[in-house]
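In: Here's my sequence, what's the structure:
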Amino acid sequence: MSAFTFKFYSRDFNYVREVPGVELVVEWYSWHEEGGPFRAELSANGFEDDIWQLVEHLRAPVEIFNENGDSVWWGYLHEIGIQRDAIKDVISLDEMYNRVGVLYTLSAPGSTSIGGSAATAWAENTDSSERYGTRELLIALSAGNAAQADNQRDIWLDFKKYPQVVTTVAEGQGGAKEAPIQATITCYGWFETLDWVYLARDAGIEENDNSDATQNVGQASGNTKVSQAFVLSGTEGFNAKDLTVKLGKVGSPADNVRLALHSDSGGSPGSELSGVNVAGSAIPDGSEWVTGSLTAEVALALATTYHLVVSRTGGTDSSNYYELGVDEDLSYSGGVLKLYNGASWGSRTPNADMAFKVGGVEETTTQIANAILLAAEFIVETEIDDASGIKTNQWRSGEERLLAVIREIMASGVSGGRRLLATVTRNRVLRLYQEPTADAYRLDRNGDIASLYGAPVEKSYCPVGVWLERNDIPRSARTALLTDMSRLFVQEAEYHPATDRYVPTPRGGHNPWTLPMLGTG
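Out: The predicted structure is shown next:
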């Protein structure tokens, strides 16, 4: 019945690759509101030698066309299952990793004590990554040393660098090699390749965590203000929003503490760029991290000196003042600490660095676009139809997979309470848009969809991320205490060409077993 066709392309997307001697049938494909084309399954029939040539198409781009010749699904070949009587071989990219690193906790030689964390350099098999694309794996080692971690990394890379083969044996009868055999081809959408790599981003934070002493602020005229010079150490500039210092109070100061960013003027603070007052009542008696959000964001550029200035809003007081955490070990290399005596800035004795954090913010949709630019291999760019209007810190440690980061960001939606959806276009562009509010189609009791005016809709386009109006609910049904049954939102959908069947999966209510809850650890 189905006249659906498809194309395999070369891995570099430059030309169509033929599969001679193999009959391929599109069994089904699906779309998802997060990423667009999701899964597809093809069946293959042919002689053994021809079927095994399909292995050369692993990670090859795949495109499916409907009976009208329209492209209705696109992605890549992820897995092949070849059945030969009792033997089934599954060749998959699932457990293939061609770039491996190890995160480990340092263990002191000759003891059971453990210390700080460390990481090996990445090791990569370029023969595999150039053929299939980069698939990264970070392995956790609870306690060890550099040599042990390097050795474990190299063992895993050697074992996992190529597509893995899983063989199973079942009851069956032997057959001649020339007899036709069957294979199942599983394809994934390009959005899934975001799970292949980790995201590391050094923008959004400049800091010195170390503190081994204190510096009073506003106790006497020689220290009415304290300044820390800094230069961004990352590879990107960012918009600063949050200033954090280690702060405490002595006695009962009644004024506030001002945290501010200043430009540089000859190695000392120049004009104030933006600041914030932190109420004295909010400052603890002991030294703790205290954060204030600037009244206006400050765009920080690379290779430029800035100053974080801490001062009190009232006059000096020898009994009631503030104390700032400082680092006399001089752990920070991006600038120096200075004191203000009411007339000029000067060095501290002994020298020290401030314990501080300058935190940035970036709109979440822009974060996704930058993450794609930094880490994605197969998605070429991002189009933002609807900016989120929500800003958060953009720094990422490199220990989370890119797909998990993007899904986490998308879960926060857009300002105003609507959800953020995504689809990867045929040209491998990630398009971000907010969930629609209006109905797009009608769904009847036979499972057919039509326009709101009753015109039939081609089901092979497999619409997702849309509202379907239902006309099959009897008026006598008592639905007042249920969620709205007159419409459903399509989260995922499958299409089966052989039967022209469109199977939508509606978005359901919240599942308490999958949502994080307070108090559950």
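In: pLDDT weak spots in the stretch 1-150 of the chain?
Out: Along the stretch 1-150 of the chain, the parts satisfying pLDDT under 70 run over 1-2, 108-115.
In: If we use 80, what do you get?
Out: Of all residues in the stretch 1-150 of the chain, those with pLDDT under 80 make up the ranges 1-2, 107-116.
In: all strands of it, in order?
Out: 5-9, 16-17, 22-32, 34-47, 61-65, 71-84, 87-92, 99-107, 114-119, 123-124, 136-144 (DSSP state E, counting those that start in this stretch).
In: Show me the one of the ones you listed that comes nearest residue 434.
Out: Nearest to residue 434, of all these, is strand 34-47, at 13.3 Å by CB to CB. (Each C-beta comes from the backbone N, C-alpha and C, glycine too.)
In: for the closest one, packing partners?
Out: Applying 3 or more CB pairs under 8 Å, 6 or more residues apart in numbering; DSSP states H and E, we find strand 34-47 packed against strand 22-32, strand 71-84, strand 180-188, strand 420-424.
In: can I get the ones you listed in TSV with mean neighbour count and distance to residue 92?
Out: Output for the helices and strands packed on strand 34-47, formatted as TSV (neighbours: other CB atoms under 10 Å; distance: least, CB to CB, whole Å):
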stretch	mean neighbour count	distance to residue 92
strand 22-32	20	18
strand 71-84	22	4
strand 180-188	20	8
strand 420-424	23	21
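In: want to try JSON lines for the ones you listed, with distance to residue 132 as columns?
Out: Converted to JSON lines, the helices and strands packed on strand 34-47 look like this (distance: least, CB to CB, whole Å):
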{"stretch": "strand 22-32", "distance to residue 132": "21"}
{"stretch": "strand 71-84", "distance to residue 132": "10"}
{"stretch": "strand 180-188", "distance to residue 132": "13"}
{"stretch": "strand 420-424", "distance to residue 132": "19"}
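In: and the protein, what are its domains?
Out: 5-94+165-188, 99-157, 210-354, 361-434, 439-506 (automatic domain parsing).
In: Distance from the second one to the middle of the chain?
Out: So the one you mean is domain 99-157. Mean-position distance between domain 99-157 and its chain equals 22 Å (CA atoms, centre = their mean, to the nearest Å).
In: what do you get for stretch 28-43?
Out: 21 Å.
In: Could you do stretch 265-272 as well?
Out: Per CA atoms, centre = their mean, the centroid offset for stretch 265-272 relative to its chain is 38 Å.
In: same question for that stretch, mean pLDDT?
Out: Averaged across stretch 265-272, the pLDDT comes to 97.
In: go on, stretch 387-404?
Out: For stretch 387-404, the mean per-residue pLDDT is 97.
In: What of stretch 275-287?
Out: 94.
In: Please renumber the chain so that the first residue is 17 from this point on.
Out: Will do, 17 is the new start, and the previous item becomes stretch 291-303.
In: Just the endpoints, please. Distance across that stretch?
Out: Using CA to CA, to the nearest Å, one end of stretch 291-303 lies 21 Å from the other.
In: where's the nearest residue in space to residue 33 that is not next to it in sequence relative to residue 108, distance?
Out: Leaving aside its chain neighbours, residue 33 sits nearest to residue 24 (4.6 Å; criterion: CB to CB, 6 or more residues apart in numbering). In this view, residue 24 and residue 108 are 17 Å apart by CB to CB, to the nearest Å.
In: With neighbour numbers in mind, choose between those two.
Out: residue 24 (20 against 16; other CB atoms under 10 Å).
In: I'd assumed residue 38 was in contact with the more buried one.
Out: No: Residue 24 lies out of contact with residue 38 (CB atoms under 8 Å); the separation is 10.4 Å.
In: Against which helices or strands is the longest helix seen in the chain packed?
Out: When the chain is parsed with DSSP state H, its longest helix is helix 162-176. The contact analysis (3+ CB pairs under 8 Å, 6+ apart) places helix 162-176 against strand 115-123, strand 139-140, strand 152-160.
In: and if we set it to 10 Å?
Out: strand 115-123, strand 130-135, strand 139-140, strand 152-160 (3 or more CB pairs under 10 Å, 6 or more residues apart in numbering; DSSP states H and E).
In: Can you name the residues that contact the closest residue to residue 52 other than its chain neighbours?
Out: Nearest residue to residue 52, sequence neighbours excluded (CB to CB, 6+ apart): residue 439, at 3.4 Å. If you count contacts by CB atoms under 10 Å, 6 or more residues apart in numbering, residue 439 has them with 47-53, 205, 207, 399, 445-449, 480-481.
In: quick revisit: looking at the strands of the stretch 17-166 of the chain, spot the one closest to residue 336.
Out: strand 130-135 (38.7 Å).
In: ok, back up a step: now the helices and strands packed on helix 162-176 in a markdown table, with distance to residue 460 and mean neighbour count?
Out: Below are these laid out as a markdown table (distance: least, CB to CB, whole Å; neighbours: other CB atoms under 10 Å):
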| stretch | distance to residue 460 | mean neighbour count |
| --- | --- | --- |
| strand 115-123 | 50 | 20 |
| strand 130-135 | 57 | 12 |
| strand 139-140 | 54 | 18 |
| strand 152-160 | 47 | 16 |
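In: Please convert the ones you listed to JSON lines, extending it with distance to residue 302.
Out: Listed next are the helices and strands packed on helix 162-176 as JSON lines, based on distance: least, CB to CB, whole Å:
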{"stretch": "strand 115-123", "distance to residue 302": "29"}
{"stretch": "strand 130-135", "distance to residue 302": "25"}
{"stretch": "strand 139-140", "distance to residue 302": "45"}
{"stretch": "strand 152-160", "distance to residue 302": "33"}
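In: Which one of these lies nearest to residue 299?
Out: strand 130-135 (30.2 Å).
In: Model confidence score at residue 487, please.
Out: 74.
In: and what of the one 10 residues further on?
Out: Residue 497 is assigned a predicted lDDT (pLDDT) of 46.
In: got the contact list for residue 219?
Out: 248, 250-255, 316, 376, 378, 383, 386, 390, 409-412.
In: whoops, residue 120 was the one
Out: Contact analysis of residue 120 by CB under 10 Å, 6+ apart lists 130, 133-136, 155-162, 164-166, 168-169.
In: mind listing the helices for the stretch 267-416 of the chain?
Out: 380-391 (DSSP state H, counting those that start in this stretch).
In: Checking the residue nearest the centre of the chain next. Helix, strand or coil?
Out: Nearest to the mean C-alpha position of the chain, by CA atoms, centre = their mean, lies residue 421 at 2.0 Å. Assigned state for residue 421: helix (three-state reduction, DSSP: H, G, I helix; E, B strand; the rest coil).
In: Identify the residue spatially nearest to it, adjacent ones excluded.
Out: residue 215 (5.1 Å).
In: what do you get for residue 55?
Out: residue 46 (4.9 Å).
In: Many thanks, we can stop here.
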